[in-house]
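Peer 1: Fold the following, please.
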Amino acid sequence: MDETDDKLIAALRHDARASLSDLAARLNMSRTTVRSRIARLQSRGEIVGFSVITRADVARDPVCGLMMIEIEGRGAERIKRQLAAMSDLRAVHSTNGRWDLIVEIGTPTLLEFDNVLSRIRRLDGVNASETSLLLSTQKAV
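Peer 2: Predicted structure coming up:
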C-alpha cells in the first residue's frame, strides 16, 4: 500500500457509497485508476468489505465506556459467562497486564451506566475495577 491507497481508503471510510467519479474527483485521479486500485486492494485482502453505519448505530448508546476488571483467583470463566448475559455490555475482552477483562458498556443514560457498573462490581470474584467514559470518537472501525 502506498500513500494514494491510504487516501483512497480514508475516502471510503468517510463514505463507502461514494461513486467512482466522486472518489476520482476528490483524490485527483481517473475513475479507471480508482476502480483498479479498489479491485487490487480487495484482491490483496486490504479491503475485506464495506459497511453501513445507520443513525440507530450512532444513537443506540449515547453513554459509552470501558470498564477494566481485576478478577480474584480463578473465576474468570464464570464471570465472563455472567457478563455475557448482561444486555448493556457490547463486548467482553480478555487482556493481559493489570486487568483481566475489559468490557465495553453502552447505555441510554448515565444512571443506567452507573447501574451496570454497580451490578458488575457486585459479582462474586470481581476484585477491583476502573472505568473510563468515552467522550468522543474520531475514528470508528
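
Peer 1: in this structure, what secondary structure element scores lowest on mean pLDDT?
Peer 2: helix 55-59 (a mean of 64; mean pLDDT, DSSP states H and E).

Peer 1: Other residues contacting the helix or strand following that helix?
Peer 2: Using DSSP states H and E, the helix or strand that follows helix 55-59 towards the C-terminus is strand 63-71. The contact list for strand 63-71, computed with CB atoms under 8 Å, 6 or more residues apart in numbering, reads 79, 90, 95, 98-110, 112-113, 117, 120, 125-134. Backbone N, C-alpha and C define where each C-beta goes, glycine included.

Peer 1: Likewise for stretch 44-55?
Peer 2: 1, 5, 9, 12, 16-17, 38, 41-42, 140.

Peer 1: do that again at 10 Å, thanks
Peer 2: 1, 5, 8-9, 12-13, 16-17, 37-42, 57, 60, 140-141 (CB atoms under 10 Å, 6 or more residues apart in numbering).

Peer 1: which residues of this structure fall in strands?
Peer 2: Taking DSSP state E, the strands of the chain run over residues 63-71, 89-94, 101-107, 126-134.

Peer 1: Which one of those lies nearest to residue 27?
Peer 2: strand 126-134 (31.2 Å; CB to CB).

Peer 1: now the angle from the closest one to strand 101-107?
Peer 2: Angle of strand 126-134 versus strand 101-107, following axes from the mean of the first three to the mean of the last three CA atoms, to 10 degrees, is 50 degrees.

Peer 1: Relative to strand 126-134, what are the paired strands and their orientations?
Peer 2: strand 63-71 (antiparallel) (DSSP bridges).

Peer 1: In CSV, could you pull the C-alpha coordinates for the partner strand?
Peer 2: C-alpha atoms of strand 63-71 as CSV (Å, rounded to 0.1, in the frame of the first residue of the first chain):
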residue,chain,number,x,y,z
VAL,A,63,-23.3,6.8,27.1
CYS,A,64,-20.4,4.5,26.3
GLY,A,65,-17.4,3.4,28.4
LEU,A,66,-14.8,0.9,29.1
MET,A,67,-14.5,-1.0,32.4
MET,A,68,-11.3,-2.7,33.3
ILE,A,69,-11.8,-5.6,35.7
GLU,A,70,-9.5,-7.5,38.0
ILE,A,71,-10.7,-11.0,38.9
